[in-house]
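Undergrad: Here is a sequence together with a model predicted from it:
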Amino acid sequence: MANNISERNPNAPSLGRVTFLDGQNEMPMLEVSTAWSTAEIYLHGAHVTQFKKKDEPPLLFMSQCSRFAEGQPIQGGIPVILPWFGQREGLGMHGFARLKSWDLKEFIPAADGSVSVRFRLPEAPESSTFPLFSAEYIVTVKETLTLQLTITNSSSKEELVCEDCLHTYFAISDITAISVSGLKNLSYLDKVANFTRKTQVEDPIRIASEVDRVYLDTTGTVEIVDPRLGRRIVVGKQGSRSTVLWNPWITKSQQMSDFGDEEYERMVCVESGNVGPNGLKLPPGGSSTLTVELSSTPLA
């Protein structure tokens with residue numbers, strides 16, 4: 001099933017198209033096409049698995065070993081991490097939102113030719129340990145990819161304490177060739193060193209070993225410079241006070257059953273959210289919106 005946005009909005013400057021498809025293992029997927037780009041979004045986890053500008057390599061990395069199955073996380077793209085980040089005792093890694101089939105509420109054409117798709121997290125038994133809350137997620141596709149996750153505390157009495165994160169995997173030429181900037185002088189928790197708190201000194205950052213860092217109290221833009229692909233990836237954000245930088249490197253890649261042994265060479269995660277000491281504390285009726293805009297430009 002397809003829907004031509006121009007038929008609904010004749011004043012749109014370009015053709016927008018949403019196609020409903022069977023994706024990997026026949027899991028339902030949306031393909032969104034605009035004049036500038038294409039994207040793929042699975043209902044499972046409201047998971048963006050592809051964003052590609054025309055005449056440019058894909059922006060997002062996907063593991064060739066990823067499982068596409070109910071109850072299993074998709075490895076790569078942009079997992080939605082909610083309502084907790086990392087490991088919790090007796091619970092799964094990174095919350096349950098990425099394991100649920102989200103409700104597709106609508107897709108929205110805009111006058112600028114972009115297409116927005118709105119999802120809502122369905123009620124889940126796993127949420128019973130939290131105050132009643134809702135989560136809405138809007139993915140907007142144009143020459144940039146914009147992601148907007150809104151968490152609302154629906155309780156009339158209890159505070160909602162949770163974490164959220166858009167765990168974005170970026171496709172790169174070679175991990176040893178890229179640099180990451182925008183995190184200088186920030187404090188971070190080094191998970192590789194047992195959560196030791198450190199300060200980022202070098203800028204830009206070059207990666208030559210396993211990296212797993214939670215940068216705290218950071219609201220700024222991060223850039224990934226990839227000379228071999230000739231592009232700069234820009235990660236802009238609002239409503240986020242944490243940035244996570246991750247690459248599993250050799251040993252951890254070999255330990256992950258849904259990740260290729262050498263795939264660490266072609267990916268880096270720059271994740272935006274509110275985790276750890278920057279987690280969300282929403283009063284009754286309160287809400288928080290995390291917005292991330294991903295763009296790329298050619299290197300001069």
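TA: Received the coordinates, thanks.

Undergrad: Might you report the residue contacts of Gln148?
TA: Residues near Gln148 by Cβ atoms under 8 Å, 6 or more residues apart in numbering: Tyr137, Ile138, Val139, Thr140, Thr289, Leu290, Thr291, Val292. The C-beta positions use only the backbone N, C-alpha and C, and glycine is treated the same way.

Undergrad: Could you give the bridge partners of the fourth one?
TA: Legend: beta-bridge partners of Thr140 under DSSP bridges are Ser116, Thr146.

Undergrad: Is it correct that it is in contact with Ser114?
TA: Yes. Counting by Cβ atoms under 8 Å, Thr140 touches Ser114, with 5.5 Å between them.

Undergrad: Local confidence estimate at Gln87?
TA: pLDDT recorded at Gln87 is 85.

Undergrad: which non-adjacent residue is nearest Val234?
TA: Ser295 (4.8 Å; Cβ to Cβ, 6 or more residues apart in numbering).

Undergrad: Next, count neighbours for the one you found.
TA: 16 (other Cβ atoms under 10 Å).

Undergrad: mind checking the SS state of it?
TA: strand (DSSP: H, G, I helix; E, B strand; the rest coil).

Undergrad: Heading C-terminal from the longest helix along the chain, find the next helix or strand.
TA: The longest helix of the chain (DSSP state H) is helix 249-255. Using DSSP states H and E, the next helix or strand after helix 249-255 towards the C-terminus is strand 267-274.

Undergrad: ok, that next one: who's next to it in the sheet?
TA: Partner strands and pairing direction for strand 267-274 (DSSP bridges) are strand 164-166 (antiparallel), strand 169-171 (antiparallel), strand 242-247 (antiparallel).

Undergrad: nearest to Glu158, of these?
TA: strand 164-166 (17.8 Å; Cβ to Cβ).

Undergrad: how far does that closest one sit from the chain's center?
TA: The chain centroid and the centroid of strand 164-166 are separated by 7 Å under Cα atoms, centre = their mean, to the nearest Å.

Undergrad: got a list of contacts for that strand?
TA: With contacts defined as Cβ under 8 Å, 6+ apart, strand 164-166 is touched by 78-83, 85, 94, 147, 149, 151, 242, 244, 271-275, 280, 288, 290, 292.

Undergrad: how about 6 Å then?
TA: Ile78, Ile81, Leu82, Phe85, Leu147, Glu271, Ser272, Gly273, Asn274, Val275, Leu290, Val292 (Cβ atoms under 6 Å, 6 or more residues apart in numbering).

Undergrad: just stretch 238-245 next, same as before
TA: 211, 213-215, 217-218, 271-275, 278, 289-291.

Undergrad: Now a ChimeraX select for only the buried ones of the residues you listed.
TA: Per 16 or more other Cβ atoms under 10 Å, the buried members of these correspond to this ChimeraX selection:
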select :211,213,214,215,218,271,272,273,274,275,278,290,291
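
Undergrad: Next, find the distance separating Arg213 from Pro79.
TA: Applying Cβ to Cβ, to the nearest Å, the value for Arg213 to Pro79 is 18 Å.
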